[in-house]
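> Could you look at this predicted model? Sequence included:
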Amino acid sequence: MWFAAPRRYDSPSRRGACLAGIGDFIAEIKRRRVVRAVLGWGILSFAVLQIYEPVMHGLHLPEWTLTLVVVVLGVGFPATFVLAWIFDMGPGGVERTPSAPGEVPTPAQRVRTALLLIGLGLLISVPGWAWYARHDRARSAAPSSEGGSAPVQASPVATAGPSIAVLPFVNMSGDPENEYFSDGLSEEILNALAQVPGLRVPARTSSFFFKGKTQDVARIAEALRVATILEGSVRKAGGRVRITAQLVNAADGYHIWSQTFDRDLKDVFAVQDEIAAAITGALKLRLAPGTASPAGKAGTTANPRAYEAYLRGRHELNDRSRASIEKAIVHLDRAVALDPGFAVAYADKAIAVGLLGRGNYGEIPLSQAVARAMPFLAKAQALAPEHPEVLAAAGFVAGNAYDPERALGYLDRSLAQNPSNGEVLNWRKGILESLGRYELVLAAAADAARADPLSKLQVSNYIDELVRFGTDSELGPTVERLRKLDEGWGQMALGLIAQGRGDRAGAIHHFLPALQLGCDLANPRLALVLSDLGLTEESLHVPGGDPVALRLARGDVAGAEVRALAGLRRAPGDIDARTDLFFVRYAAGRFGEAAELAGRIYDDLHGTGLEPIILIDMAVAAREASRPAEASRYSEQSRQLIDRFARAGLTPLILDFYRGRLAAYDGQDDRAVALLQRALTATGFSWGRADLDHPVFARLLRRPDYVTALKKLDAILAAQRARVVDMLCGPKRISETWQPAPETCAGATPSP
């Protein structure tokens, strides 16, 4: 039968002979030191691959050269096996390895040995070939400059959903003047990618935080919470431009896709679209409908010179200083002169002009800034009303014109197309505040900080809201994040926290270093806190303080009136100037004039953007001026806003003062005093001392419990004043460069 005879390969004698042969072969490999040679070649191959790929991209070498290197290294494994079997290093250099004693291999045995060695070499090279095959599929997934594409699976990431950070492309032109071009190109690609559904793209400020810094890709990705990084370089010479772009997987540092584009400058718009399409292909995403080449979009330009002028203008506008904004306007003027159909340039000019208004970066009355911006916005809207940049400009101008409902509509439409625009998210937060939609404000601030995590402005604004809403759990880590971005802004945030808790000395301890570290936003806050402590001359020593508010805070109503009238003469229609004069008239007890101003302010603002405090003051003025309907309107709106604050979760430190002021207006004296006493913490009172001297509280001065509370506050302020004088004038001064006013240090007692 067929199973009666034993199978030959199960024969004990044949199996033993086979094992003996393998043992002899392994022993011979060890004797000839083949393993050492193969390991050495493997280490060398790994090092070559690690070095060659970045060098290849840096020198713009063709992709096929990497394939050639991998082939050579792979073939080297069987070659190393054979050569190491035949040769060895001896005292005289490379020598032929002698055969084992008593061994005389036949030609057939030599052939079998060679084939066996080659087979082992190929087997060992298999892992390297497998890695390259996988890596090559990822790299070639995006379309080449000649067209064609294939999908690729991006590496797993820790973040939710696909995400990419566009780092500023390196200017390789050898001319620093071309920096605007590489930055502008990066920003254009970022904006295109931000419109891709399902792709999270950090805003420009955060991505450009790493400009000029040498950072590991993994660290950048961790800071921005993204899975992939787009980096590249731009070389511009005459009418030609070479753009090299690489998409890097943050998890392992390998390139998913890379490509070099050599184009005429006029074709730079198409390159932006090609890069965006290549990246979305590599990440297996789809471009949003209408996300076409910038040249093909309404409102952009096909004129290279106009585009260059626009990029220069954007470069200056992004610096956000008065001088840089004024330079931006010059470049944007040139852009629209070269191409009158360039809607986006008109939109940016409208924003630039608006930013020169008072309260932003300039001293032009805000009403005048809005009037100057409107013609440019109108041209942009006529050319491309639905372009996201035009919608953003419309929202910004409408917000400055005190029309928050329209502003919110424009900003939401802009964000629907580009949800990663941190600037627009920040404007939206301010508009929500103007509308009194406080339940959305904290989340809006968090969204802006999340979209632009390395923007000190967004993080600082988020801290403001965390303080207002008493969200202490997030406060510490967020402040530390801001300090790492900018120590001056971090000190300002710490000062705000101390001020919010009534600790004026602690606030000054942080505001002064913030000022000296270049954070101009700390200046008016420092001036007001110093004034509230009675350090009048010291407050005037601070640059950038509000002259009207400072004079009112120290009781100089006549001086405040001079300043307010001068401001109104400069800008008769300016709401801020009119508001200053309202407070002066109110503080002077001239309620008829104050009520007249209040009505005009309310109408100009369409009843929006007013805090409960000013509404109560307006109600007092109207009631004292026998205008009961207006008084009722103001007080009722204040009541509704305070209720909204409460539902939104505003901290009691703020709510108690709002409610106490409203209770005093309503004649609920017991409730008013109880709320004001509760607002007075162990470290003080977060509002100014002058806020308690307003007419609405005058009747409470007849109550002993209220007078006792005021005395307690005055004692706290006196102790804080002494601490501040010691900080400024004592032996352990907090600043060696700040020169206090002589009046501040007069009579100061040295610290023990």
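Ah, there it is. Numbering: from 1, shown residues only.
> Got phi/psi on the residue nearest the centre of the chain?
Central residue of the chain (CA atoms, centre = their mean): residue 452, 2.7 Å from the mean position. Phi and psi for residue 452, reported as degrees, to the nearest 10, are phi -130, psi 70.
> Any regions of the stretch 101-250 of the chain where pLDDT drops low?
Scanning the stretch 101-250 of the chain for pLDDT under 70 picks out 101-161.
> can you give me the helices in it?
Along the stretch 101-250 of the chain, counting by DSSP state H, counting those that start in this stretch, helices occupy 107-139, 179-194, 204-207, 217-224.
> my guess is the residue nearest to the centre of the chain contacts residue 419, does it?
No. Look at residue 452 against residue 419 with CB atoms under 8 Å: they stay out of range, at 11.7 Å. C-betas here are computed from N, CA, C, even on glycine.
> Point to the helix or strand of the protein where mean pLDDT is at its lowest.
Sorting the helices and strands of the chain by mean pLDDT, DSSP states H and E puts helix 12-31 at the bottom, at a mean of 50.
> Just the buried residues of stretch 356-370, please?
356-358, 360-362, 364-370 (16 or more other CB atoms under 10 Å).
> out of those residues, what pair is the most spread apart?
Largest separation among those by CB to CB: 361 and 367, giving 16.5 Å.
> Now for residue 560, how many residues are close by?
Residue 560 sits with 25 neighbouring residues when counted by other CB atoms under 10 Å.
> Helix, strand, or coil at it?
For residue 560, the assignment made with DSSP: H, G, I helix; E, B strand; the rest coil gives helix.
> Contacts only, for it.
547, 548, 549, 551, 552, 580, 583, 584, 587 (CB atoms under 8 Å, 6 or more residues apart in numbering).
> got it, and residue 483?
By CB under 8 Å, 6+ apart, the contact set of residue 483 is 489, 490, 491, 493.
> ok, and the most crowded of these?
Neighbour-wise, the contacts of residue 483 (other CB under 10 Å) top out at residue 493, 30 neighbours.
> measure it to residue 321 for me?
21 Å (CB to CB, to the nearest Å).
> residue contacts, the residue nearest to the centre of the chain?
Residue 452 sits next to 202, 203, 204, 205, 206, 422, 425, 426, 458 when contact means CB under 8 Å, 6+ apart.
> try 6 Å this time
Shown in contact with residue 452 (CB atoms under 6 Å, 6 or more residues apart in numbering): 203, 205, 206, 422, 458.
> Just give the number of residues close to the fourth one.
The tally of other residues near residue 422 (other CB under 10 Å) stands at 23.
> again with the third one
Residue 206: 26 surrounding residues under other CB under 10 Å.
> picking up where we left off before, relative to residue 345, how far out is the residue nearest to the centre of the chain?
24 Å.
> what do you get for residue 163?
Note on residue 163: its distance to residue 345, by CB to CB, is 30 Å.
> do residue 614 as well
Distance, residue 614 to residue 345, using CB to CB: 38 Å.
> what ranges of the stretch 601-750 of the chain fall below the confidence cut-off?
Low-confidence segments of the stretch 601-750 of the chain, defined by pLDDT under 70: 682, 747-750.
> And the helices in it, which stretches?
612-624, 628-648, 652-665, 669-679, 704-729, 742-745.
> what residues are up against the nearest residue to residue 208 once chain neighbours are set aside?
Counting by CB to CB, 6 or more residues apart in numbering, residue 208 lies nearest to residue 168, which is 5.2 Å off, once chain neighbours are set aside. Residue 168 sits next to 183, 186, 208, 211 when contact means CB under 6 Å, 6+ apart.
> Can you check the pLDDT for residue 310?
pLDDT, residue 310: 89.
> and the residue lying closest to it once chain neighbours are set aside, what element?
Spatial nearest neighbour of residue 310, chain neighbours left out: residue 335 (4.2 Å); criterion: CB to CB, 6+ apart. Secondary structure from DSSP states H and E places residue 335 in helix 322-338.
> The next helix or strand along the chain from that helix to helix 322-338, inter-axis angle?
Per DSSP H and E, the first helix or strand lying C-terminal to helix 322-338 is helix 343-355. Relative orientation of helix 343-355 and helix 322-338, computed by axes from the mean of the first three to the mean of the last three CA atoms, to 10 degrees: 150 degrees.
> what packs against helix 343-355?
helix 322-338, helix 366-383, helix 388-400 (3 or more CB pairs under 6 Å, 6 or more residues apart in numbering; DSSP states H and E).
> Which stretch among those is buried most, on average?
Stretch with highest mean neighbour count among these: helix 388-400 (a mean of 25; mean count of other CB atoms under 10 Å).
> Report all helices and strands that that helix contacts.
Checked by 3+ CB pairs under 6 Å, 6+ apart, helix 388-400 has helix 343-355, helix 366-383, helix 404-417, helix 422-434 packed alongside it.
> what angle separates it from helix 422-434?
Using the same axes, to 10 degrees, the inter-axis angle of helix 388-400 relative to helix 422-434 is 30 degrees.
> got the contact list for helix 388-400?
Contacts of helix 388-400 (CB under 6 Å, 6+ apart): 343-344, 347, 350-351, 354, 366, 370, 373, 377, 380, 384, 406-407, 410-411, 413-414, 417-418, 424, 427, 431.
> centre of the chain versus the strand or helix carrying residue 548, how much separation?
Per DSSP H and E, residue 548 falls inside helix 547-553. In this view, helix 547-553 has its centroid 35 Å away from the chain centroid, taken as CA atoms, centre = their mean, to the nearest Å.
> Could you chop this protein up by domain?
Residue ranges for each domain of the chain read 13-139, 164-291, 297-387, as given by automatic domain parsing.
> can you list contacts of the host helix or strand of residue 523?
Assigned by DSSP H and E, residue 523 falls within helix 522-532. Contacts to helix 522-532, defined as CB under 6 Å, 6+ apart, come from residues 492, 504, 507-508, 511, 514-515, 538-539, 542-546, 550, 553-554, 688-689.
> who touches residue 685 in this structure?
502, 713.
> at 8 Å what do you get?
502, 657, 679, 692, 713, 716.
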